[in-house]
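Undergrad: Just the structure for this:
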Amino acid sequence: ESLHSSIGLLGISAGSLLLAVHFYSVPRASPLIPSTALGVLLLILSSLLAYAGIRRSLRNALLFLSLCLTISVFWCGYGVVFILGGQGVLNDTGDFRNALVPGLVTFTLALLVIAVVGFLCREVILAMVASAVSLASAHEVATHYSTAFGSSAVACNYMIVCLVGGYFGLGRILYFLTKEKIVLPGTDLATKKTPEPIQSTSGSVNHFAVTGLILNMLSASVFGCKLLGVTGRLFIGQVPWLWAAGIYQIGICVLSYRAMDVLMATFFGFTSILKFAEGYCLLYLIWQPEEPSFPVPFLVVFSILFVVLALFFTLKSPVDGLYLLFYVAYCIALACRPKGFFEGGPQGVDVAIFVASALMTLIHLYNVKASAKIPTGKGAMKALLARSSFLKLREGADLHAPYLGYSKYADAEVLGYACSVLASFAITVTGNPQAPLATVVIPWVVVAGGILKLLGGSVAFARGKTLESSAFILYAVMWIIWGLARYGGLYGTTRSFHAAVGIIAFMLFNGFIVFCTLFLNIAWFFYSLTFLLIAISFLLEAVHALPAGYDIAATLIFGLVSFYCFLSALFSSVFEGSFLPMGRPIVQLSGVGGGMTKCLHLPARKASSVKRIADILKNGGTCGIPTDTVYVLVAACNRPDAVEKAHQTKRQAQDRPMSLWISSLKQLEPAKHLFSPVLWDFMEAAWPSPISLVVPRGEWVDFLGMKDSAKYVGTPQSVAIRIPDCSVTTHLIDLVGPIVVTSANPTGEADTTHHNQVYAKLGNKVDAVLCDGPSPENIASTVVDCTKIDSGNIGFFRVGIIPKSQVLQILEQVQKK
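TA: This is a model prediction of the structure:
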């Protein structure tokens, strides 16, 4: 219950102790802890805090999550700056100050906001830790600008954190040693019985948004401090803050998908691109004497994507939409100035972003923790859209039902398409075709088209979208390899043949994807086909045979198709209905694309899903469900129409009749006198298990309410009956009554061992699928012939997961009894 909270707070205390020792020893000739060692230790502790915060967030402790992740990113950047100082990269005191101050300013304010909200919501220990680290950062900033402030003040603040951590540790020890009899105030974590609900509607606040907003403050602070004269110059010492913010922002993007917040995840993906580009431009000055130029088409398109995202945010929360307009202004300011991040215009927008991000952090943090809310216009927009017959927001219990019933992530296709748009327009910059495109390629093409598209492909794979994920990952690898090769000047005459061979290999892979998209939808077909034009332009450029204007035309076509897909995915994630449809499959084959239908996919781990499946079965539906072996197709016994439908769906062969499942022998208790004592005892001993018993048909069948369904079950002489060893299945039977069962595949095909296969084989013929991922076993049940058990003999129609010897052993025990 308290493991991750203890790890987090004691980790913060350990880091504070290291920093207290460091600042007490600063006046000495040589510090007690060398800068490089201190930096490495802070990096280790930052990773530990990130782990503790993310794991604890599963219990919805928002303030603890925000504190841990904020201090984690603080010490990550801080540690790298100390390592740079220890290795002599930061040569003098001025460099060290210019490197540290932007981060210290950010975390002074961010931790102060967390402390204020903590005190207001009576989280005293967390608030004291946040306020002490905030004061320590503020004192450290003061020591860099005035000799009147000594480093001892910084150390004292860190010692306060150590004392609070010691108090918390003592409280936990007493709590466990005295078996909960002695509880120090503020240390009883188990008393928090009211967890904060995750608001995981697309575009609304999620628990990771606060940390993402603080990261936006951090990157804006680097350039805002330069404009306001707080720091003297922009140089390599500030890169750790920017890239730490970028790396953590990608993590926040993934966690936002985990919280089912598509809009916020897409926004954080966009801002991470800017952070990596900002850090790269400061590094660029090391090996190039001139400041880098910026691809205007890319930034104009980026501002358009931010505008579109802002519009969708506004429909959910006007304040969030207004906040995104600062990034629209930022991209326009970068496009208007040839030196980009180094100009006063973009830096002025950075100051505005810093202030706006601080206010948004306060609003998001306070609105989740406090009972009284700061108004954001969310309710007004919801009421306005409720009157509209054209636009209807996606809401209700099904909004965040996992795709295919199993994935824990929201759809990342929006980000994947957006990255395609950005990468394609980044290479429309004119210039010498033989010169390395250093500024264009690394931050814009490799990061946007490569790294973030890999992220989108990974999330798509986790959602069960195999083809889409394969395409995203292939295109990401193509952008990364082409970008690095083009940047490194590997297109020379000696290497052009090798580059061409690699590009042709990619084109062959893409050709296979184009073929597969014929069975997916029209939009994906054109998306993959137009990427082939990009690959052709890369090939022609590699062999120095590129016609004038072809690459521009290819990138424009691919960019526009990607933009349409981006808008379509955004609409489908926010609104009901298909305003911008992706289209139907160009080629439709029987058994291919079954999962494209409206068949319900419900996660088996939720009791509400089992109840919905039960309601469908009671109303005459057929469903695919997981069992203790493979997936099966089921219908309610007392619904002859459903049993007949299942029989036709399966294309049931006469030699493979449907079987009967019950949840307990109590359901057969009224007909117990119709079974021989040996058979009854054998059923009691064998079940629940993956053993189906073929028993003589008799009047007992009528006790189960089968009525007209009986003709589809078993043979005129016998019926196969079983109690499955699966809690989900038996709970479903308790709700519905006895069910008729057959394997979830057309007769003659292999058994179905994953819910995806149920979709592929029967998707348009069943009403719902209860999804539980891979089957626990790949082998079906053992089918035992018990029609002659009274004479002491049994036979085997099929030996499945339970071996013959084990069945015979059960029979022997029953006979002895």
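Undergrad: domains in the chain, as residue ranges please.
TA: Per the TED database, the structural domains of the chain span 1-185, 207-300+315-371, 416-573, 600-816.
Undergrad: Residue 742 belongs to a strand?
TA: Yes - counting by DSSP: H, G, I helix; E, B strand; the rest coil, residue 742 falls inside a strand.
Undergrad: for it, which residues make a bridge with it?
TA: residue 633 (DSSP bridges).
Undergrad: For residue 657, see how far away it is.
TA: 8 Å (Cβ to Cβ, to the nearest Å). Glycine gets a C-beta too; all of them are placed from N, C-alpha and C.
Undergrad: Ok, residue 140 next?
TA: In terms of Cβ to Cβ, residue 140 sits 79 Å off from residue 657.
Undergrad: Comparing those two, which shows the higher neighbour count?
TA: residue 140 (22 against 18; other Cβ atoms under 10 Å).
Undergrad: wait, what's in contact with the more buried one?
TA: Residues counted as contacts of residue 140 (Cβ atoms under 8 Å, 6 or more residues apart in numbering) are 23, 100, 104, 151, 154.
Undergrad: So which of those sits lowest on pLDDT?
TA: Note: of the contacts of residue 140, the lowest pLDDT belongs to residue 151, at 86.
Undergrad: residues in contact with that one?
TA: 23, 24, 26, 27, 140, 143.
Undergrad: In three-state terms, label the fourth one for me.
TA: What that stands for is residue 27. coil.
Undergrad: Got phi/psi on it?
TA: phi -60, psi -20 (degrees, to the nearest 10).
Undergrad: circling back to that earlier point, which one of the contacts of residue 140 is nearest to residue 730?
TA: residue 104 (59.6 Å; Cβ to Cβ).
Undergrad: Kindly provide the distance from the closest one to residue 293.
TA: For residue 104, the distance to residue 293 equals 32 Å [Cβ to Cβ].
Undergrad: Between the two, which has more neighbouring residues?
TA: Ranked by neighbour count (other Cβ under 10 Å), residue 104 and residue 293 place residue 104 first, with 22 against 14.
Undergrad: Run through the residues that contact the more buried one.
TA: Per Cβ under 8 Å, 6+ apart, neighbours of residue 104: 137, 138, 140, 141.
Undergrad: Which SSE is immediately downstream of the one helix or strand the last one maps to?
TA: With secondary structure defined by DSSP states H and E, residue 141 is part of helix 124-145. Of the helices and strands lying after helix 124-145 in sequence (DSSP H and E), the nearest is helix 151-177.
Undergrad: What are the buried residues along that next one?
TA: Across helix 151-177, burial judged by 16 or more other Cβ atoms under 10 Å covers 151-162, 164-165, 167-168, 171-172, 175.
Undergrad: got it, and stretch 771-781?
TA: In stretch 771-781, counting by 16+ other Cβ under 10 Å, buried: 771, 772, 773, 775, 776, 777, 779, 780, 781.
Undergrad: of the residues you listed, closest to residue 130?
TA: Among the buried residues of stretch 771-781, and counting by Cβ to Cβ, the member closest to residue 130 is residue 773, at 40.0 Å.
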